Each structure stands twice: as structure tokens, then as C-alpha cells.
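# Here is my input; please provide its structure:
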Amino acid sequence: MATSQAHVATANAQRYLNQLCSHWSHKFTVEVQLPRGSIDFGDGQSCTLEAGATHLEVGVTAPPDRLEQLQQVVAAHINRFAHREGELEFDWKPQPHAGD
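Prediction:
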């Protein structure tokens, strides 16, 4: 599995975390304990979220050949929720794995 993390500047981090988790809760296993949330998409794919006062930390894990696609899906959904704020910037960075 591959993992990447993005720091997204926004004053609405908690709102977007709640909206994203609520949006996918009907289809996937979702856990929310503010200021954190997680979505298990199955097959080892997941998304973690942590809301700060000025930013949202977003992490995704997927097979290496599907990581970029999952990044795009998660970013697109959050940007739909942020339409009044304008398009948010996701600075995706690969993350090391334990044992690497």
C-alpha cells in the first residue's frame, strides 16, 4: 500500500470533515471523533482527516497504482463542499510506511 498526505488551508476544516464522512457513511465504514475522521473504502483503501482551526489534514492509503485516483476523488469531493470558498489546494506528499 502507498500513503500520501495533504495539508489543505481552510477555516472550514471541521465542516468539510463532517460533510465528507457523512457523504460516504451510507456506503463505507466511517468513524468520526472530532477533530478526526476516517473512511474505510475496503480493499485496504482509506482516508483519514484531521481538522485544525486553519487547515484540514487529509491522508489517503491505496495500492500504488490507485493512489493518485483516490487522491483525486477525495479532493474533488471536498472541493464540491468548498464551492463558496473556491477551489482548495491539496499539496499531496508521499508518506513513508512503518518498516520502510
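
# CA atoms for contacts and neighbours, from now on please.
OK.

# is it true that residue 88 touches residue 9?
Yes. Look at residue 88 against residue 9 with CA atoms under 8 Å: they come within range, at 7.3 Å.

# Any stretches of this structure with poor pLDDT?
97-100 (pLDDT under 70).

# ok, residue 53 - contacts?
The neighbours of residue 53, taking CA atoms under 8 Å, 6 or more residues apart in numbering as the test, are 11, 12, 13.

# looking at it, the first one is touching residue 54, isn't it?
Yes. Counting by CA under 8 Å, residue 11 does reach residue 54; the two are 4.7 Å apart.

# which of the two has more neighbours?
Using other CA atoms under 10 Å, the more surrounded residue of residue 11 and residue 54 is residue 11, with 15 against 12.

# Where does that one sit: helix, strand or coil?
Three-state call for residue 11 (DSSP: H, G, I helix; E, B strand; the rest coil): coil.

# Then residue 8?
Taking three-state DSSP, the label given to residue 8 is strand.

# and it, how many neighbours?
By the criterion of other CA under 10 Å, residue 8 has 20 neighbours.

# How about residues contacting stretch 75-84?
So stretch 75-84 is contacted by 16, 19, 20, 86, 87, 88, 90 (CA under 8 Å, 6+ apart).

# Buried ones in that stretch, by neighbour count?
Neighbour-count burial for stretch 75-84, with 16 or more other CA atoms under 10 Å as criterion, is recorded at 75, 78, 79, 81, 82.

# Repeat that for stretch 86-100.
Buried, per 16+ other CA under 10 Å, within stretch 86-100: 88, 90, 92.

# residues in contact with the first one?
Contact analysis of residue 88 by CA under 8 Å, 6+ apart lists 8, 9, 10, 79, 82.

# And for the second one?
By CA under 8 Å, 6+ apart, the contact list for residue 90 reads 6, 7, 8, 75.

# Those residues: which two are farthest apart?
Farthest-apart pair in those is 7 and 75; separation 11.4 Å (CA to CA).

# Tell me what the residue sitting nearest the centre point of the chain is bridged to.
Nearest residue to the geometric centre of the chain (CA atoms, centre = their mean): residue 58, 3.8 Å. Beta-bridge partners for residue 58, by DSSP bridges, are residue 6, residue 49.
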